[in-house]
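# quick one, structure for this:
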Amino acid sequence: MTYYYFYIIYSKSLDRFYIGHTNNMESRLSKHNAHHKGFTGKVNDWVIVYNEEYLSKSEAYARERQVKSWKSRKKINGLIGEGNN
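Below is the predicted model:
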């Protein structure tokens, strides 16, 4: 069975979060940390700070869109904090 993940990664050097979804966390994190064009390609210190597992890609993508719509670092920090309890 394939699982899909909603995830939040963080770069200390940029002090920024990136929110996405994938079906392969290891591979996706490697791509984020590889030098490439695009926002996450600027640095290579991205770490996973939060993730949720879903049975479908559409559910993971819906969660990504929901969290992105918050546009609130405070709410994202709250979500990450809840996940670490």
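# buried sites along the helix ranked longest in the chain?
Assignment by DSSP state H gives helix 57-70 as the longest helix of the chain. For helix 57-70, the neighbour count (16 or more other C-beta atoms under 10 Å) marks 60, 63-64, 67 as buried. From N, CA and C alone the C-beta is placed, and that goes for glycine too.
# can you spell out which helices and strands pack onto the helix or strand of the chain with the lowest mean pLDDT?
Every helix and strand of the chain was ranked by mean pLDDT, DSSP states H and E. The lowest is helix 73-83, at a mean of 91. Counting contacts by 3 or more C-beta pairs under 8 Å, 6 or more residues apart in numbering; DSSP states H and E, helix 73-83 packs against strand 4-11, strand 16-22, strand 46-54, helix 57-70.
# tilt between that helix and strand 4-11?
Orientation of helix 73-83 against strand 4-11 (axes from the mean of the first three to the mean of the last three C-alpha atoms, to 10 degrees) gives an angle of 120 degrees.
# which residues does the closest residue to Tyr50 other than its chain neighbours bridge with?
Nearest in space to Tyr50, with sequence neighbours left out and distances taken as C-beta to C-beta, 6 or more residues apart in numbering, is Ile8 at 4.2 Å. Beta-bridge pairing of Ile8 under DSSP bridges involves Ile19, Tyr50.
# alright, I will stop here.
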